[in-house]
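A.B. asks: A structural model of the following input is requested.
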Amino acid sequence: MADVTVLVVDDDPVIMRLLEVNFEMEGYRVVTAVDGQQALDQIDTACPDLVVCDIMMPIVNGLEVVEQLRQSGDERLRRLPVILLSAKAQASEVQKGLDVGADDYITKPFDPLELIERVQALLQTSQS
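C.D. replies: Have a look, this model is predicted:
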(Lines give C-alpha, C1' and ligand atoms only; values in the text may rest on other atoms or scores of the structure.)
Protein backbone atom coordinates (compact mmCIF):
# COMPACT_ATOMS: atom_id res chain seq x y z
CA MET A 1 0.00 0.00 0.00
CA ALA A 2 3.04 2.29 0.04
CA ASP A 3 1.93 3.61 -3.32
CA VAL A 4 -1.34 4.79 -1.72
CA THR A 5 -1.29 8.15 0.06
CA VAL A 6 -3.84 9.08 2.70
CA LEU A 7 -4.23 12.67 3.84
CA VAL A 8 -5.26 12.85 7.50
CA VAL A 9 -6.80 16.17 8.56
CA ASP A 10 -7.50 16.83 12.23
CA ASP A 11 -6.68 19.63 14.65
CA ASP A 12 -6.46 17.21 17.60
CA PRO A 13 -2.83 16.00 17.82
CA VAL A 14 -3.79 12.79 19.66
CA ILE A 15 -6.29 11.72 16.99
CA MET A 16 -3.89 12.82 14.26
CA ARG A 17 -1.14 10.60 15.67
CA LEU A 18 -3.52 7.66 16.19
CA LEU A 19 -4.66 7.84 12.58
CA GLU A 20 -1.14 8.33 11.27
CA VAL A 21 0.20 5.28 13.14
CA ASN A 22 -2.71 3.05 12.14
CA PHE A 23 -2.47 3.94 8.46
CA GLU A 24 1.31 3.54 8.44
CA MET A 25 0.98 0.10 10.09
CA GLU A 26 -1.27 -0.88 7.18
CA GLY A 27 1.40 0.27 4.72
CA TYR A 28 -0.11 3.57 3.60
CA ARG A 29 1.94 6.69 3.02
CA VAL A 30 0.47 9.39 5.28
CA VAL A 31 0.49 13.16 4.94
CA THR A 32 -1.17 15.38 7.51
CA ALA A 33 -2.86 18.73 7.93
CA VAL A 34 -4.19 20.49 11.04
CA ASP A 35 -6.91 22.56 9.38
CA GLY A 36 -8.92 22.73 6.19
CA GLN A 37 -6.74 25.31 4.45
CA GLN A 38 -3.63 23.24 5.10
CA ALA A 39 -5.56 20.22 3.79
CA LEU A 40 -6.35 21.97 0.52
CA ASP A 41 -2.68 22.95 0.19
CA GLN A 42 -1.59 19.33 0.88
CA ILE A 43 -4.06 18.03 -1.70
CA ASP A 44 -2.38 20.23 -4.30
CA THR A 45 1.15 19.20 -3.39
CA ALA A 46 0.86 15.59 -2.14
CA CYS A 47 -1.89 14.34 -4.51
CA PRO A 48 -3.41 11.93 -1.95
CA ASP A 49 -5.53 8.97 -3.03
CA LEU A 50 -7.99 9.51 -0.17
CA VAL A 51 -8.71 12.09 2.54
CA VAL A 52 -9.83 11.42 6.12
CA CYS A 53 -11.02 14.75 7.45
CA ASP A 54 -12.40 16.08 10.72
CA ILE A 55 -15.27 18.57 10.43
CA MET A 56 -14.76 20.96 13.34
CA MET A 57 -11.47 22.72 12.58
CA PRO A 58 -10.20 26.30 12.49
CA ILE A 59 -9.86 28.42 9.34
CA VAL A 60 -11.64 26.10 6.88
CA ASN A 61 -13.83 23.32 8.30
CA GLY A 62 -14.17 19.81 6.89
CA LEU A 63 -17.50 20.47 5.17
CA GLU A 64 -15.95 23.43 3.35
CA VAL A 65 -13.03 21.25 2.26
CA VAL A 66 -15.43 18.74 0.73
CA GLU A 67 -17.48 21.49 -0.93
CA GLN A 68 -14.37 23.04 -2.48
CA LEU A 69 -13.20 19.68 -3.81
CA ARG A 70 -16.60 18.81 -5.28
CA GLN A 71 -16.88 22.23 -6.96
CA SER A 72 -13.36 22.14 -8.37
CA GLY A 73 -12.69 22.46 -12.07
CA ASP A 74 -10.26 19.54 -11.71
CA GLU A 75 -11.93 16.17 -12.30
CA ARG A 76 -9.39 14.40 -10.05
CA LEU A 77 -10.33 16.65 -7.13
CA ARG A 78 -14.06 16.25 -7.71
CA ARG A 79 -13.62 12.46 -7.55
CA LEU A 80 -11.10 12.38 -4.65
CA PRO A 81 -12.58 10.06 -1.98
CA VAL A 82 -13.25 11.82 1.33
CA ILE A 83 -14.24 10.28 4.65
CA LEU A 84 -15.47 12.72 7.26
CA LEU A 85 -14.52 11.78 10.80
CA SER A 86 -16.43 13.78 13.40
CA ALA A 87 -17.82 13.92 16.91
CA LYS A 88 -21.02 15.27 15.32
CA ALA A 89 -23.07 12.10 15.48
CA GLN A 90 -26.66 13.26 14.95
CA ALA A 91 -28.33 11.85 11.86
CA SER A 92 -28.84 15.37 10.48
CA GLU A 93 -25.11 16.10 10.79
CA VAL A 94 -24.19 12.83 9.07
CA GLN A 95 -26.66 13.59 6.29
CA LYS A 96 -25.24 17.10 5.92
CA GLY A 97 -21.75 15.65 5.46
CA LEU A 98 -22.95 13.22 2.82
CA ASP A 99 -25.02 15.92 1.10
CA VAL A 100 -21.97 18.16 0.57
CA GLY A 101 -20.26 15.24 -1.14
CA ALA A 102 -18.39 13.15 1.41
CA ASP A 103 -18.09 9.51 0.41
CA ASP A 104 -18.43 8.23 3.97
CA TYR A 105 -18.96 9.58 7.49
CA ILE A 106 -17.59 8.01 10.65
CA THR A 107 -18.39 9.28 14.12
CA LYS A 108 -15.93 9.68 17.00
CA PRO A 109 -15.10 7.73 19.02
CA PHE A 110 -14.27 5.29 16.25
CA ASP A 111 -12.76 1.86 15.83
CA PRO A 112 -9.45 2.28 13.95
CA LEU A 113 -9.84 -1.16 12.35
CA GLU A 114 -13.30 -0.28 11.04
CA LEU A 115 -11.89 2.97 9.64
CA ILE A 116 -9.13 1.04 7.84
CA GLU A 117 -11.69 -1.37 6.38
CA ARG A 118 -13.85 1.48 5.13
CA VAL A 119 -10.81 3.23 3.63
CA GLN A 120 -9.83 0.02 1.82
CA ALA A 121 -13.37 -0.46 0.51
CA LEU A 122 -13.58 3.13 -0.69
CA LEU A 123 -10.19 2.91 -2.39
CA GLN A 124 -11.25 -0.27 -4.21
CA THR A 125 -14.46 1.39 -5.35
CA SER A 126 -12.75 4.58 -6.50
CA GLN A 127 -10.02 2.73 -8.41
CA SER A 128 -12.41 0.52 -10.37
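
A.B. asks: Break down this protein into its strands, ranges please.
C.D. replies: Taking DSSP state E, the strands of the chain run over residues 5-9, 29-33, 50-54, 82-86, 104-107.

A.B. asks: Can you give me the separation between the spatially most central residue of the chain and residue 73?
C.D. replies: With distances taken as C-alpha atoms, centre = their mean, the residue of the chain nearest its centroid is residue 52 (1.7 Å). If you measure residue 52 against residue 73 using C-beta to C-beta, to the nearest Å, the figure is 24 Å. In short, each C-beta sits where N, CA and C put it, glycine included.

A.B. asks: if I pick the residue nearest to the centre of the chain, what's in contact with it?
C.D. replies: Listed by C-beta atoms under 8 Å, 6 or more residues apart in numbering, the contact partners of residue 52 are 6-9, 19, 82-83, 85, 115, 119.

A.B. asks: so residue 77 makes contact with residue 69?
C.D. replies: Yes. With contact defined as C-beta atoms under 8 Å, residue 77 and residue 69 form a contacting pair (4.9 Å).

A.B. asks: Need the residues touching each of the two.
C.D. replies: With C-beta under 8 Å, 6+ apart as the test, residue 77 and residue 69 both reach residue 43.
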